[in-house]
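Student: The following comprises the amino acid sequence and a computationally predicted model.
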Amino acid sequence: MTGHSTVASAASRTARSTRAPAGRLAWPVPLAFGVMGGILLGLGVWWGALVLLAGTVFAVLDGRTALAGLALAGGGLGFGAERLNAAQPDRMSPWVGAPVTLVGDWDGQFLRLSDPPARVALSPKPRVLPGRLVVSGRLVRPEGRHVPGGFDQVAWLRGQGGLFVPTPTIVLVAARVRSSTPEGGVRGWFRRGLTAGLGERQAALMQAIELGDRNEIRREDFAEGYRVQEAFARAGLSHLMALSGQNVGLLTGAVVWLLSWLRVPLGWRYGAALLFLAPYLLLVGVSPSLLRAVLMGGAVLAGYALGRGRLDPYGTLALAAVLCLLLFPRWLLDVGFQLSFLAVLGLTLSARLAERLPARWPRWLRLPLAATLLAELATLPVIAGTFGQLPLVGLPANLLAGALMAALVPLGFVAGLLGPFALAVNWLTGLLASLLLGVVALFGQAPVLTWGTVGAGGCVAYGVTALAGVLWLRGRVRAPVALGTLLACAVLTLLPGLLRPARELVFLDVGQGDSTLIRARGLSVLVDGGGSVGSDFDVGTRTVVPALRALGVRALDVVVATHADTDHIEGLSGVLRTLPVGELWIGQRKTDDPVLAELLQAARERGVPVREVRRGDRVSVDGVTLTVLWPPGRFWSTQDNDNSVALTVESRGFRAALLGDLPDPAEAQIGVGKLDLLKAAHHGSRHSTGEAILKESTPHDVLISVGRNTYGHPHPDVLKRIGEVGAKVWRTDQLGTVRWPLP
């Protein structure tokens, strides 16, 4: 694609001013390893010492032991930067838990306060443009990762601060905007130019690709249940909305071309492009990928402008990493930082791969093909492990989208400079934006390869395979050896899951709601999918589906909707629209409930059979038996909770019961029998988990799926009754997701 090929051509042509004579290690490389190792040690990660050691080993192998000292010095710098960053005062701590009204500058991501100087995250994000904001709510601490593959808000917020930028430590929940004033100045002028005369979806796209502001594009849908942002991810085009080397390369390339057309002397062309980078960074804001691109682009342009020759790509990349990490140490754990640097590492080999493609293919095709493929391969473990899926159509999608971006990015920048007068060019901007959205919509419907969490073994296997690939590109090993290494590593990573598949109950933390995964060899059953009452947060696609992918669940044999309550089944619509599902089980088929109607519509769209289960229905696979205890189906209560589907799970002498929201005395009438594990009905409501069922089942353990709520769940009376029978309580609001092994 054009963005990759622009960076690739610059990287592949760069040569030697940041390194010693040919064949020697560029001095910033061991320094970068040292800084990364020092930061990891500062974070308490023991294997940071191995990263630091790698830097010294590279220096010794290169025959320059003095560089080993540079690696050690980098370790000290990295450790010190992390400790300084961690020592920042938490200025908002005195107001934690308090209802407040805050006044500050909203940048689309954080509210920046002047007194005290701090940045605050807002939840939910207000639907207002960046500018001056008065907002009220309650200040709380951020939450960590509670589900596999879930969002770790604590870690993410910590990664947004730096030595000279306050680290956000607080979230304003139930945020309500009292008043807002759109931003003015250059940025306000620029945003007005980006959106002048465009439709909502086009304007949202332009703000994303020019300013990195994805707040508006997140709310756009191509169709019901088909979000624009999800389509970008499935097509392998999410990087288009992250400001990076693509933007820097296209814009500086446009500046150089324009000055060349004006016959400006060569040195002045590159000097002007270099001077363009600083105000551009101030305009769009600092992000890991963009700061890396600006530093690398600036170094390359400075080399050309000063006539010092071309720069070594690895030395330049390492130096950019050092500067970024010393200012923002926690960026080392940031996905955007990792993707940015890994992609450029891949791009440095694009010229070699292009040479191995058929010579009859034109170079303008071979280089983009090689660049796109290498960028995708280099970032594969991070994308697979973080997002739980790999696009299968990334190559053709990026080639088409890259051609459009080559024109759209410079044109959009011109539109921003014109401000309200951008109507003169936005007719063309809108056309190109619509074409790009069309490419996204088309390729976003393609299937994806789902992926589980990438562990240490997977990273090692990937590293060995990548090394074999690099050696092949450099002519050090033959193709059969590289291919054999790939196949061997693939088999070794697949074997553990094939030989010993997971057998467990997984009680997902979906807040104040329910979602339970039952799985064994040949059986994957999801009981409920959570939901957000009074909120537009899609628990299914944003919490449950990522968790299933992280657990390696690629398809579901059965999805059970226990009853028509939002907090139980709203998220299942997103699950059905995202993953293959064999069958949907329901109890009562209500015709007047909008949430259940939406779920049944999703089942029709995806061709999923719907089965109305009754007492006595069962399924048994690999020694695991699911039995329906309720409803009998002869009559229906006017209360949805009374009609909940209740199940038992049995496996080699182990018994558990999942009771939905059944109240007492109904739960005592279904005959659960003796249990090892009881999932408390109705989130620990006072009117469930009564004395009768506890005495009948005498469970060793009781699981309560509950979140932050105003209902008083779990009720003290319930906790007292459980304690009286000697059972241990496990709560998702305290423990997060609970994984229970099946024998």
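Tutor: Here it is on my side, so go on. Numbering: from 1, shown residues only.

Student: quick one: buried residues of stretch 620-634?
Tutor: 624, 626, 627, 628, 629, 630, 631 (16 or more other Cβ atoms under 10 Å). C-beta here means a position set from N, CA and C on the backbone, and glycine is covered the same way.

Student: Mind checking which of the residues you listed land in strands?
Tutor: The strands, defined by DSSP state E, take in 624, 626, 627, 628, 629, 630 from these.

Student: Name the nearest residue to residue 694, ignoring sequence neighbours.
Tutor: residue 725 (4.8 Å; Cβ to Cβ, 6 or more residues apart in numbering).

Student: quick one, what contacts that neighbour?
Tutor: 694, 695, 698, 699 (Cβ atoms under 8 Å, 6 or more residues apart in numbering).

Student: One more pass at 10 Å, please.
Tutor: 678, 691, 694, 695, 697, 698, 699, 700, 702 (Cβ atoms under 10 Å, 6 or more residues apart in numbering).

Student: May I see the PyMOL selection of the buried members of the residues you listed?
Tutor: Entered in PyMOL, the line below selects the buried ones among these, by 16+ other Cβ under 10 Å:
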select buried, resi 678+694+697+699+702
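
Student: and the two most separated of the contacts of residue 725?
Tutor: Spatial extent of these (Cβ to Cβ) is set by the pair 691 and 700 at 17.4 Å.

Student: what kind of secondary structure is the residue in the chain sticking out farthest from the centre in?
Tutor: Distance from the C-alpha centroid of the chain peaks at residue 634, with 46.1 Å (Cα atoms, centre = their mean). Secondary structure state of residue 634, per DSSP: H, G, I helix; E, B strand; the rest coil, is coil.

Student: wouldn't it be in contact with residue 615 here?
Tutor: Yes - taking contacts as Cβ atoms under 10 Å, residue 634 lies within contact range of residue 615: 9.5 Å.

Student: between these two, what contacts are shared?
Tutor: With Cβ under 10 Å, 6+ apart, residue 634 and residue 615 have no common neighbours.

Student: give me every residue that touches residue 139.
Tutor: Residue 139 neighbours (Cβ under 10 Å, 6+ apart): 92-100, 102, 120, 169-173.

Student: those strands in the stretch 151-300 of the chain, which residues are they?
Tutor: For the stretch 151-300 of the chain, the strands defined by DSSP state E, counting those that start in this stretch cover 171-182, 221-223, 226-227.

Student: sorry, back to before: turn the buried residues of stretch 620-634 into a markdown table, columns for distance to residue 231 and pLDDT.
Tutor: Listed next are the buried residues of stretch 620-634 as a markdown table, based on distance: Cβ to Cβ, whole Å; pLDDT from 0 to 100:
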| residue | distance to residue 231 | pLDDT |
| --- | --- | --- |
| 624 | 36 | 94 |
| 626 | 35 | 94 |
| 627 | 40 | 94 |
| 628 | 38 | 94 |
| 629 | 41 | 94 |
| 630 | 40 | 90 |
| 631 | 39 | 91 |
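
Student: Distance to residue 181 added to these, as TSV?
Tutor: Formatted as TSV, the buried residues of stretch 620-634 follow (distance: Cβ to Cβ, whole Å):
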residue	distance to residue 181
624	59
626	57
627	61
628	57
629	58
630	56
631	55
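
Student: which stretches of the stretch 551-700 of the chain have low pLDDT?
Tutor: Judged against pLDDT under 70, the stretch 551-700 of the chain has no low-scoring part.
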